[in-house]
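**Q** Based on what follows, work out the 3D shape:
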Amino acid sequence: MKKLSLMLFLSCCAIMAVAQQSPNGKLTVQPGTNTLTVRYGQQTVIEVETSDDAMALGHCEPRRIVADYEMLSGKKRHCTNEANEYRSGALVLRVYNDGIALRYEGEGLPMQEPTAYRIAEGTPRWMQQWAESYEGFFPLSTTARVKPVPSFSGTFASADGFNIRWGYPALLQPAEGVFALITESNIERQQSASCLFNDGERFRVVPDRNEARSQGPWHTPWRVVIVGTLADVVASTLVTDVAEPCQLADTSWIRPGVVSWVYWAYNHGSSDFGIIRKYVDMAATLHLPYVLIDAEWDVMRDGKTVEDAVAYAVQRGVKPMIWYNSSVGWTDGAPTPKFRLNKAEDREREFAWCERIGVAGVKIDFFSGDNQMNMDYCLDLLESAARHHLLVNFHGATIPRGWQRTYPNLLSTEGVYGAEWYNNVASFTAQAACHNATLPFTRNVVGPMDYTPCAFSNSQHPHITTHAHELALTVLFESGLQHLADRPESFLAQPQAVQRFLGQLPAAWDETRLVSGYPGKSAVLARRSGDVWFVAGINGTDEPCTLQCNLGFVGRHAQATLFADSGDEASPWQITAPEQLPGSVACQPRGGFVLVVRP
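**A** Residues are numbered from 1 along each chain as shown. Below you'll find the predicted structure:
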């Protein structure tokens, strides 16, 4: 019996010895035959299918990887992380303190992608059905057997009628208090982005169309799984940790900021100089650094041109940005200007003209998915824009995959079902609050999102979120260019305290913390800019609730301002200066709050 016990003990030690571990010891990865089993503490989080080289990882010596870099925008300015890296054949595995990243490297033509994730039926998950614009909800489900939702990209269904194609990121809750978020990072030239196709519980990583024929050394993008508590997931910078470092020698001209935006209230407003002038004036009054001149500026009426609009903005001390159609997606019947950026010589000429007349950045819209052609085109645009000191905002485009580190002039990307949908569908109204309380745990984890938040009045379809909920979105949602959706008259009718808040709102953060919340129910985040904390919370439900705010990390304060629901439609604001930081805040249905804390 003693001999048998000793053999069992030695066997257990051998199994433990081959498990790969994060530097902080919280994550372990157990190699198996073509599989990696990821554990957080004693809890199994996810099983990852990979190449034949997986088993041999158990006999590899780790190499320490250290990420330590500065970001000009995003959830955290100074980013640090560590990983143990293991290599076996073509497989490279990094076990970070807050997740794993794996990719494949080799010579000659790349291998067929072998990666797949096992997501057991019954596992709570928040997953978006794939669309090339990434504009969809992340509904809570415990099954992959859901009906396809129609989109501009069509539907993708199995023979028995269930959706089979899914976009990133995908958030899972494999155990109580433990979460995993699946995505990818570091798309480079001659690579396509990927998505997930499932057959039952098996979700395969499938790269989009790739027409490049690379020879010589190659590697795939990083397949990333962020692992930990919900707070770990929200605060993680793993997507940029594995991305290529900044490629720009001079970044002094890159400045995140808040933008006044015409489209939400005036769909065709950028063809009207008078309307553009109102948005410039609003930006000047509220001390916003930017104004966006959206689509159709090339057909401006009444004898005015976009150069007149740009000159007016510059004269008022506001930096103008202008819109372009990428002309690779929607072109027939689409807004103009079109076909100005597709050829390298045309793109250089256009961006040089932008720089010469005083344009600070470009919003480029209507891409056609995740294929290699689009990925290369996006990199061409980023590099050309940087040569002419132009900020970039991609719309109708894929989600961030680490480019915001490599090309920090990329300050925002749409890839989100945002407030512009109040222009399009009546169904957004009833679902917006729950959707808003899901995005901090899903889409916004992986990078900036141009949701275009904060509207106190109505567009074509009404919103039923409260004023404080809408204001909270400007902090809750991270974007290096934060476009404010509402019309000038609405913003300028708000109390002076609200106007001052908008004029002092940061668009880049030194630190981000999850204070409390659960996807779809509520979210309370604290973001720090310098020594000022901005704490924002929203109620994603149709019932009153109390949001918990344990703010012990803030420390002593000299001044605080609380913007909260009043419960009075005629006077929707409750603006106070609490002497003590609240431990909780009562919210109306679909309500919210913002607390600004100064030391």
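
**Q** I'd like the next helix or strand past the strand or helix carrying residue 174.
**A** Here residue 174 sits within strand 170-175, counting by DSSP states H and E. Downstream of strand 170-175, the next assigned helix or strand under DSSP H and E is strand 178-185.

**Q** Parallel or antiparallel, list what pairs with that following strand.
**A** strand 170-175 (antiparallel), strand 222-228 (antiparallel) (DSSP bridges).

**Q** in it, what's buried?
**A** 178, 179, 180, 181, 182, 183, 184, 185 (16 or more other C-beta atoms under 10 Å). Every residue, glycine included, has its C-beta placed from N, CA and C.

**Q** ok, what's across the strand from the fifth one?
**A** Right, residue 182. Beta-bridge partners of residue 182, as defined by DSSP bridges: residue 170, residue 225.

**Q** could we number from 21 for the rest of this?
**A** Fine by me, first position is 21 from now on; the one you just mentioned is residue 202.

**Q** Does the lengthiest strand in the chain pack against any helices or strands, and if so which?
**A** When the chain is parsed with DSSP state E, its longest strand is strand 98-108. Judged by 3 or more C-beta pairs under 8 Å, 6 or more residues apart in numbering; DSSP states H and E, the packing partners of strand 98-108 are strand 40-41, strand 83-90, strand 111-116, helix 258-261.

**Q** Tell me which of those is the most buried.
**A** Ranked by mean neighbour count, the helices and strands packed on strand 98-108 are led by helix 258-261 with a mean of 29 (mean count of other C-beta atoms under 10 Å).

**Q** helices and strands around that helix, which ones?
**A** Using 3+ C-beta pairs under 8 Å, 6+ apart as the test, helix 258-261 ends up in contact with strand 98-108, strand 198-205, strand 242-248.

**Q** returning to what we had before: average model confidence for the longest strand of the chain?
**A** In this model, strand 98-108 carries a mean pLDDT of 97.

**Q** Could you save the buried residues of strand 198-205 as a markdown table and add columns showing pLDDT and distance to residue 370?
**A** Conversion of the buried residues of strand 198-205 to a markdown table gives the following (pLDDT from 0 to 100; distance: C-beta to C-beta, whole Å):
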| residue | pLDDT | distance to residue 370 |
| --- | --- | --- |
| 198 | 98 | 49 |
| 199 | 98 | 44 |
| 200 | 98 | 43 |
| 201 | 99 | 37 |
| 202 | 99 | 37 |
| 203 | 99 | 32 |
| 204 | 98 | 31 |
| 205 | 98 | 30 |
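
**Q** Turn the helices and strands packed on helix 258-261 into TSV, including distance to residue 327.
**A** Formatted as TSV, the helices and strands packed on helix 258-261 follow (distance: least, C-beta to C-beta, whole Å):
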stretch	distance to residue 327
strand 98-108	40
strand 198-205	39
strand 242-248	43
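
**Q** Which one, of the ones you listed, ends up nearest to residue 539?
**A** strand 198-205 (9.1 Å; C-beta to C-beta).

**Q** For the residue lying closest to residue 263 once chain neighbours are set aside, give me its contacts.
**A** Residue nearest to residue 263 in three dimensions, not counting chain neighbours: residue 422, with 2.9 Å by C-beta to C-beta, 6 or more residues apart in numbering. If a contact means C-beta atoms under 8 Å, 6 or more residues apart in numbering, then residue 422 has 205, 206, 207, 242, 259, 260, 262, 263, 264, 467 as its contacts.

**Q** and what of residue 523?
**A** If you count contacts by C-beta under 8 Å, 6+ apart, then residue 523 has 306, 307, 308 around it.

**Q** Contacts only, for the nearest residue to residue 477 once chain neighbours are set aside.
**A** Spatially, and ignoring its direct neighbours in sequence, residue 477 is nearest to residue 510 (4.3 Å; C-beta to C-beta, 6+ apart). Going by C-beta under 8 Å, 6+ apart, residue 510 touches 475, 476, 477.

**Q** how close does the nearest residue to residue 360 once chain neighbours are set aside get to residue 345?
**A** Closest residue to residue 360 apart from its sequence neighbours, by C-beta to C-beta, 6+ apart: residue 370 at 4.9 Å. Remark: distance between residue 370 and residue 345 (C-beta to C-beta, to the nearest Å) = 12 Å.

**Q** now swap in residue 249 and tell me
**A** 42 Å.

**Q** what does residue 618 give?
**A** 43 Å.

**Q** These two: which is more packed in?
**A** residue 345 (23 against 12; other C-beta atoms under 10 Å).

**Q** Go ahead and confirm that one touches residue 353.
**A** No. Residue 345 is not in contact with residue 353 according to C-beta atoms under 8 Å; the separation is 11.3 Å.

**Q** Could you pull out the residues contacting both of these two?
**A** By C-beta under 8 Å, 6+ apart, no residue touches both residue 345 and residue 353.

**Q** From what I see, residue 423 and residue 263 are in contact.
**A** Yes. Using C-beta under 8 Å, residue 423 is in contact with residue 263, at 7.1 Å.

**Q** can you give me the end-to-end distance of stretch 74-88?
**A** End-to-end span of stretch 74-88 (C-alpha to C-alpha, to the nearest Å): 28 Å.

**Q** any chance you could map the helices in the stretch 421-570 of the chain?
**A** 423-426, 448-456, 487-496, 508-512, 516-523 (DSSP state H, counting those that start in this stretch).

**Q** With distance to residue 613 and mean pLDDT added, can I get those helices in CSV?
**A** Listed next are the helices of the stretch 421-570 of the chain as CSV, based on distance: least, C-beta to C-beta, whole Å; pLDDT from 0 to 100:
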stretch, distance to residue 613, mean pLDDT
helix 423-426, 29, 98
helix 448-456, 14, 98
helix 487-496, 5, 98
helix 508-512, 19, 98
helix 516-523, 12, 98
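
**Q** out of those, nearest to residue 550?
**A** helix 487-496 (14.6 Å).

**Q** Show me the contact partners of that closest one.
**A** Outside helix 487-496, the residues that reach it (C-beta under 8 Å, 6+ apart) are 278, 453, 456, 460, 471, 473-476, 483, 502, 504, 518, 521-522, 525, 543, 545, 547, 554-559, 583-585, 592-594, 607, 610-614.
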